[in-house]
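>>> got a sequence here, can you build the structure:
(chains A and B)
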Amino acid sequence: MRILIVEDDPEASKYLVKALIESGHVADHASNGLDGYALAQDGQYDVLIVDRMLPKMDGLTLIGGLREQGVQTPVLILSALGQVDDRVKGLRAGGDDYLSKPYAFSELLARVEVLMRRRGATSHEEMIYKVGSLEIDRLSHKVLRAGNEIDLQPREYRLLEYLMKNAGQVVTRTMLLEHVWDYHFDPQTNVIDVHISRLRSKIDKGFDVPLLHTVRGAGYMIRDSA
Amino acid sequence: MTALSKLLKTTAFKLAFAFFVMFAMGSVLIIAFIGHTVRQVLEEENDQIIQSEINGLAEQYGAGGLERLVRIVERRSIRPGALLYLVTTNAGDKLAGNVATLPTGVLDHSGLVETPYQRNEENEARHPALARVLSVPGGFRLLVGRDLEERGRLAHILNRALFTWLGLLAAIGTLGGLFVARRVLRRVDSINAKAITIMNGDLDGRLPVTGTGDELDRLALSLNTMLDRINELLKGLREVSDNIAHDLRTPLTRLRNRAEDALRGSKTEEEKHSALEKVIEESDGLIRVFNALLLIARAEAGDIHESSAEFDVSAVARDVVELYEPTAEEAGHELNIQAPDNCSAFGNRELISQALANLIDNALKYGGAKIDVTVAILDSGVEVCVRDSGSGIPLEDRDRARDRFVRLESSRTRPGFGLGLSLCNAVAHLHHGTLRLEDNNPGLKVVLGWPTPVGLRRISTILPAAE
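Numbers count the residues shown, from 1 in each chain, chains lettered A, B, ... in the order given. Sure, this is the predicted structure:
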């Protein structure tokens, strides 16, 4: 997958390019807003990682310009401004996700991969998600494991739905907090882990093949191991 | 700038000057009006006197002819303060009277005329006079007039009065202006001097207030209040940086030690890996602290109006409780919530959620087995309350507990940075509300309350009742 990084800090961008290449992606780099805009315009990238504060053209202007041109490449905004207002402004300008600095690379990678998959997915959303013998019906909110119905709390259902939507992708705790609970802060205790283990006991208990995996140092993933 | 030019430049002096000009113009106008009126009155009076004298003389002439007229005129001419009289032949030769010379043509003038003249006995300058000429049958002419010297004197008196008054006014105005200006200047100078010492670092200094309650006092008072507020903020800032220096040094040292440890000696791949993971964990903790500090700083300094909206506090509280419920259950705690069905309030949902999460987090860590969360609608606003059954916080520590980096257990063995309550406190401030720590007998009761705009309050109190 091709990723363009628009970031003016040479140290940070060097690290990002290296880490993304090690994760199996192709990464290009532009050090100012204008160059980034020029490179991103032809739409050959799968994801753009754009810093908010850039020389020559700031990040939000760049994104707004691209969207006006009809370039729909998903954008992950990186910013040292992490307050709720800033995030809302970033997403309103046309960004698809927002990550405040400093961030863990695993967090960035997970988000970039989710964005890329979203780009690849067909526009109409599937009504049934299926991983291995686990199946959820998004219309009736029915959850089946190997044909047996599993009773989930509404929040557990939303948690599972988000994991299934991103099946095969690492989903971080922060992403779960943002998408399932709509919180943009970090609770000090790892409350998410407990929710996950509850969900795991409901969907994986008594089955030989576990589907809900913990990815060390990153987050969780639903994947059919077979 | 010399002292005088400074004085002349003051607003007080300029005002005094403007008042002087206004008063001077007013005085000139009044005196001119008085002069004009008096002159008119005098003229009418003169005219009447002259007219009646002429009428009288005409009667005498009718009764005793020219001879009698001449005799009477001669007699009246020499009386002290006499009017002006002149009887001439048609050719202009003087027969009787006390007028020596007249400009030519005056005698041919009929009606009232103003003319210069010279008296018999005087050989000095001509005086102005008001006169009337009567043609007496038989070709004679009779002139009766009145000296206008009085009018000149009047003008003179008025002029002198005017100039004396203007002079006095100028003197009083200048002196008064200088006096007032000097007084104001002295006070402004003292305020200025104090302001300069404050700017030079005497941050506890305050502007002098005389206690008279005048405008300068009021200005000084507001500026002093402003200085208090600035000082408070500065103190907070200084505290933060002190705290950062003290409390972040420990985790930073730990971080450095771990990194060093990972490099030192011969380690297995796995040991190195786990050391590095700990390094990352430690730095994540630091990032969290920075985020919390930033949020607190922003909350204490700023305004959240832009990101505020109406939201249901009960729903938010239930969500947070639901988030923590599994954790509480796993730790063997009981976490309950009681909230009215609809509890609209105005604020930042995210920040309130975060504050509540912090409170529940604290209660789980320090609070004992039973935790109760309640939401209440009051007349003044909304209150969210978290009660626990732990050991509570002693009264003397409660204020301190809300400060940054304060951790009441001195051993600091439990996780945390001591920012939770200060963040809640900042969130409360941001919503113009309060964070109260109370006794739950046993345990701690933390109340986060903030006011709701009146219009909203009405809706939120009506809705539950309507159900």
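>>> for the closest residue to B:D47 other than its chain neighbours, what are its contacts?
In this structure, B:D47 finds its nearest non-sequential neighbour in B:L112, 6.1 Å apart by CB to CB, 6 or more residues apart in numbering or on different chains. For glycine as for every other residue, the C-beta is placed from the backbone atoms N, C-alpha and C. B:L112 makes contact with B:47, B:50, B:130-132 under the criterion CB atoms under 8 Å, 6 or more residues apart in numbering or on different chains.
>>> gap between the longest helix belonging to chain A and the chain center?
Longest helix of chain A, by residue count under DSSP state H: helix A:105-120. How far helix A:105-120 lies from its chain's middle: 4 Å, per CA atoms, centre = their mean, to the nearest Å.
>>> what helices or strands is it leaning on?
Using 3 or more CB pairs under 8 Å, 6 or more residues apart in numbering or on different chains; DSSP states H and E as the contact definition, the elements that helix A:105-120 packs against are helix A:10-22, strand A:47-51, strand A:75-79, strand A:97-100, strand A:171-172, helix A:173-176.
>>> and the fifth one, what's its mean pLDDT?
Same thing as strand A:171-172. Strand A:171-172 shows an average pLDDT of 89 in the prediction.
>>> what does residue 144 show for phi and psi?
If you meant another chain, say so; for now it's chain A. phi -120, psi 130 (degrees, to the nearest 10).
>>> um, chain B though
Main-chain torsions, B:V144, degrees, to the nearest 10: phi -120, psi 130.
>>> any idea what it is bridged to?
Listed beta-bridge partners, B:V144: B:Y85, B:R132 (assigned using DSSP bridges).
>>> tally of neighbours for it?
27 (other CB atoms under 10 Å in any protein chain shown).
>>> now swap in the one 5 residues further on and tell me
When counting by other CB under 10 Å, one arrives at 11 neighbours for B:E149.
>>> residues in contact with it?
Going by CB under 8 Å, 6+ apart, B:E149 touches B:127-128.
>>> check B:A129 too.
In this structure, B:A129 makes contact with B:84, B:114-117, B:145-148, judged by CB under 8 Å, 6+ apart.
>>> how many neighbouring residues does A:L54 have?
The tally of other residues near A:L54 (other CB under 10 Å) stands at 23.
>>> secondary structure class for it?
Classification of A:L54 by DSSP: H, G, I helix; E, B strand; the rest coil places it in coil.
>>> in chain A, which spans are strands?
In chain A, the strands defined using DSSP state E lie at A:2-6, A:26-30, A:47-51, A:75-79, A:97-100, A:128-131, A:134-137, A:142-145, A:148-150, A:171-172, A:212-215, A:219-222.
>>> now do the fourth one, average pLDDT.
Averaged over strand A:75-79, pLDDT sits at 89.
>>> any chance of TSV for the helices and strands packed on helix A:105-120, columns mean neighbour count and distance to B:S274?
Formatted as TSV, the entries for these read as follows, by neighbours: other CB atoms under 10 Å in any protein chain shown; distance: least, CB to CB, whole Å:
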stretch	mean neighbour count	distance to B:S274
helix A:10-22	15	20
strand A:47-51	27	30
strand A:75-79	24	29
strand A:97-100	21	26
strand A:171-172	24	20
helix A:173-176	20	20
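>>> export these to a markdown table and tack on distance to B:F163?
Below are those laid out as a markdown table (distance: least, CB to CB, whole Å):
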| stretch | distance to B:F163 |
| --- | --- |
| helix A:10-22 | 85 |
| strand A:47-51 | 80 |
| strand A:75-79 | 78 |
| strand A:97-100 | 81 |
| strand A:171-172 | 94 |
| helix A:173-176 | 90 |
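>>> what's the closest of the ones you listed to B:L66?
Of all the helices and strands packed on helix A:105-120, it is strand A:75-79 that lies closest to B:L66, at 123.2 Å by CB to CB.
>>> could you list every helix and strand in contact with that closest one?
Other helices and strands packing on strand A:75-79, by 3+ CB pairs under 8 Å, 6+ apart, are strand A:47-51, helix A:59-68, helix A:84-92, strand A:97-100, helix A:105-120.
>>> what's in contact with the third one?
The reference is to helix A:84-92. Applying CB under 8 Å, 6+ apart, the external contacts of helix A:84-92 come out as A:52, A:59-60, A:77, A:79, A:98, A:100, A:184, B:306-307, B:348, B:350-351.
>>> give me the lowest-pLDDT entry from those residues.
B:E306 (61).
>>> please list the residues of the stretch 251-400 of chain B that sit near chain A.
Applying the criterion CB under 8 Å from any CB of the partner chain, the portion of the stretch 251-400 of chain B that neighbours chain A consists of B:277, B:280, B:283-284, B:287-288, B:291, B:294-295, B:298, B:306-307, B:319, B:322-324, B:326-327, B:330, B:348, B:350-351, B:353-354, B:357-358, B:361, B:364-365.
>>> pull out the buried residues from those.
By the neighbour-count criterion of 16 or more other CB atoms under 10 Å in any protein chain shown, those include these buried positions: B:283, B:287, B:291, B:295, B:307, B:319, B:322-324, B:326-327, B:348, B:350-351, B:353-354, B:357-358, B:361, B:364-365.
>>> quick one: mean pLDDT for the helix or strand B:H273 falls within?
Under DSSP states H and E, the secondary-structure element containing B:H273 is helix B:269-301. Helix B:269-301 shows an average pLDDT of 77 in the prediction.
>>> how about the secondary structure of the residue nearest to B:D47?
Of the three states, B:L112 takes strand under three-state DSSP.
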